[in-house]
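> Turn this into a model:
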Amino acid sequence: MTIPKTVLSQVRQQVGDIETVEVLVGIPTFNNAATVGALVNAVKAGIAKVCPQASVIVVNADAGSQDGTPETITRTIGSDLSTVCIQHLEGGVFPGPISLQVLSESGVPGREHAFQAFFTIAEAMQAKACVVIDANLRSFTSDWMDALLHPILEKGVDYVAPFFRRARYEGSLTNCIMYPLNRALYGKQIRYQSGGAYGFSGKLTSLYLKKNVWEGVGARYGIDSWLTTVAVAEGCEVSQSFLGPRIQDVNLTGVELSVVLAQAVGGLFYLMETYQDVWEGRAGSVPIPQFGFPYESGPVGGVINVERMVRGFGQGVRDLLPIWEIILAPETLAGILALGVVEAEEFRFPEELWVQTIYDFALAYHEKALHREHLLKSLTPLYLGQTASLVLRTRDGPPEDVERAIESLCKTFESMKPYLTQRWRFL
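Residues are numbered from 1 along each chain as shown. This is a model prediction of the structure:
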């Protein structure tokens, strides 16, 4: 898929004689009128503090809002900054249908199209930096603009990932799978693969556009992970900035956990095939530059029903054994079956067993041992068990215990990586 020339012509019509800009701010939206006004005001204040003399354009890629979101953005910005609004739903400037079933905390369908539009415009206007911000963020402040732009404009960084202050057990999918696996694969300690606020150099936006993946599973199901992985795998300068708490409007009510898990992990496994020549030769991991002031772990957050998680694990043992027999190595399966008879309060998922489980799933995905959606969804009870185990091991201690447990898990993923690499090439 390529961006139609009508996108750039539409941009030119809206910005008039402006040929180049230094900073592009991209805001993907879908019915975000309740939050986008405050966010745009924070963007304006941040620009005034960070780069008041820079030429800036704000690009809104809207997925068909019915609540006046684009009008709110235009009205809030006024004459302070140049603004472009484009549509990226079917019938707009992009060809082909946009799936409303692909999930994202941003709530924006066709999110990959919005990023491609931002990068295309940034390249055409020779932008030095591109910042993309989800419109449903309520905690966005003007300081975020400094944290996202300063590393690019002043330090020569290509990619800035967000680092948030989160509740103790918030983001367990990131903590238990996404972060430790990507860290072991690519050797960079980037904590969050997603989060709704990113910074990109002009060089990196052009690199993204050269990648022929915009219509693939990697972009459609995991655009945030894809952006991070490409930056790391291609040898770009990456960093992360502390942004404080992340508060956002998220409407995933009624969505099955198995669907969320399948899309996130599926996108990650897909990228493993794309970049196997990169990750197979890397061992260990290194920290990346960090900007801003670090934040301690947040409060515990909502009530966590550990007993229900363990029951879900046990139900998986009873219902999914025929599928797991195809996916898991015999010794892995034996360890999991042994856990199926453990009482909830005594339940502990050994680190080595969890890592071997994830590596077995990655290998089965690569081998196409069975339908990939079925494979990925069958990981759900195991993930519930691992999450319950993390809570049970740390809930009576200080918040630092959670961080220590996550760090220990990451190191186990790294030390056991030969288990994955030695089997991968033979499938």
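
> CA atoms for contacts and neighbours, from now on please.
Fine.

> Does G244 belong to a helix, a strand or coil?
strand (DSSP: H, G, I helix; E, B strand; the rest coil).

> in the sheet, who's paired with it?
G244 forms beta bridges with F164, as assigned by DSSP bridges.

> where along the stretch 201-350 of the chain do the strands fall?
238-245, 290-291 (DSSP state E, counting those that start in this stretch).

> Which residues does the shortest one contact?
It refers to strand 290-291. A147, P151, S239, Q240, S241, F242 (Cα atoms under 8 Å, 6 or more residues apart in numbering).

> picking up where we left off before, how about the strands of the stretch 201-350 of the chain in CSV, adding distance to W226 and mean neighbour count?
Listed next are these as CSV, based on distance: least, Cα to Cα, whole Å; neighbours: other Cα atoms under 10 Å:
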stretch, distance to W226, mean neighbour count
strand 238-245, 14, 23
strand 290-291, 21, 19
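
> want to throw the ones you listed into CSV with mean pLDDT and distance to G284?
Below are the strands of the stretch 201-350 of the chain laid out as CSV (pLDDT from 0 to 100; distance: least, Cα to Cα, whole Å):
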stretch, mean pLDDT, distance to G284
strand 238-245, 92, 17
strand 290-291, 94, 19
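
> re earlier: turn the contacts of strand 290-291 into CSV, columns for distance to T174.
What follows is the contacts of strand 290-291, written out as CSV (distance: Cα to Cα, whole Å):
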residue, distance to T174
A147, 22
P151, 24
S239, 18
Q240, 15
S241, 17
F242, 17
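
> Let me know the closest of the residues you listed to I288.
S239 (5.4 Å; Cα to Cα).

> can I get the strands of the stretch 201-350 of the chain in a markdown table with distance to T357?
Listed next are the strands of the stretch 201-350 of the chain as a markdown table, based on distance: least, Cα to Cα, whole Å:
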| stretch | distance to T357 |
| --- | --- |
| strand 238-245 | 29 |
| strand 290-291 | 32 |
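
> Excluding covalently adjacent residues, which one is nearest to D80?
Using Cα to Cα, 6 or more residues apart in numbering and skipping residues adjacent in sequence, the residue nearest D80 is K44, 7.9 Å away.

> Alpha carbons of the particular helix or strand that has A122 in it, as PDB, please.
If you go by DSSP states H and E, A122 is part of helix 111-124. The C-alpha trace of helix 111-124 is given here as PDB (Å, rounded to 0.1, in the frame of the first residue of the first chain):
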ATOM      1  CA  ARG A 111      -3.900   3.200  13.100                       C
ATOM      2  CA  GLU A 112      -1.100   2.000  10.800                       C
ATOM      3  CA  HIS A 113      -2.600   4.200   8.000                       C
ATOM      4  CA  ALA A 114      -2.300   7.300  10.300                       C
ATOM      5  CA  PHE A 115       1.400   6.600  11.000                       C
ATOM      6  CA  GLN A 116       2.100   6.100   7.300                       C
ATOM      7  CA  ALA A 117       0.400   9.400   6.500                       C
ATOM      8  CA  PHE A 118       2.400  11.200   9.200                       C
ATOM      9  CA  PHE A 119       5.700   9.800   8.000                       C
ATOM     10  CA  THR A 120       4.900  10.500   4.300                       C
ATOM     11  CA  ILE A 121       4.100  14.200   5.100                       C
ATOM     12  CA  ALA A 122       7.200  14.500   7.400                       C
ATOM     13  CA  GLU A 123       9.400  13.200   4.600                       C
ATOM     14  CA  ALA A 124       7.800  15.400   2.000                       C
END
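
> Return the distance of whichever helix or strand comes after it from the chain's centre.
The element immediately downstream of helix 111-124 (helix or strand, assigned by DSSP H and E) is strand 129-133. When distances are taken as Cα atoms, centre = their mean, to the nearest Å, strand 129-133 is centred 15 Å away from the chain's centroid.

> go on, stretch 359-377?
21 Å.

> do you know how far L268 is from L333?
23 Å (Cα to Cα, to the nearest Å).

> For the two, indicate the residue with more neighbours.
It is L268, of L268 and L333, that has more neighbours when counted by other Cα atoms under 10 Å, with 24 against 20.

> Now do the same contact list for that one.
M178, G218, G222, S225, W226.

> From Q386, how far out is the third one?
What that stands for is G222. When G222 is compared with Q386 (using Cα to Cα), they lie 22 Å apart.

> same question, the last one
Taking Cα to Cα as the measure, W226 falls 25 Å from Q386.

> now do the first one
To Q386, M178 is 13 Å away according to Cα to Cα.

> ok, the two, which is more surrounded?
Neighbour tally, M178 and Q386, criterion other Cα under 10 Å: the higher count belongs to Q386, 25 against 20.

> my guess is that one contacts V355, does it?
No: with contact defined as Cα atoms under 8 Å, Q386 does not count as touching V355 (10.2 Å).

> which residues of the stretch 101-250 of the chain score low on pLDDT?
Residues of the stretch 101-250 of the chain that meet the criterion pLDDT under 70 lie in 101-107, 213, 215-221, 250.

> mind giving me the domain ranges of this protein?
5-291, 306-424 (automatic domain parsing).

> so how far is the longest one from its chain's centroid?
How far domain 5-291 lies from its chain's middle: 9 Å, per Cα atoms, centre = their mean.

> Could you do the last one as well?
The gap between where domain 306-424 is centred and where its chain is centred comes out at 21 Å by Cα atoms, centre = their mean.

> what's the span of that domain, first residue to last?
Taking Cα to Cα, domain 306-424 runs 34 Å from one end to the other.

> what about that domain, average pLDDT?
What domain 306-424 shows for mean pLDDT is 95.
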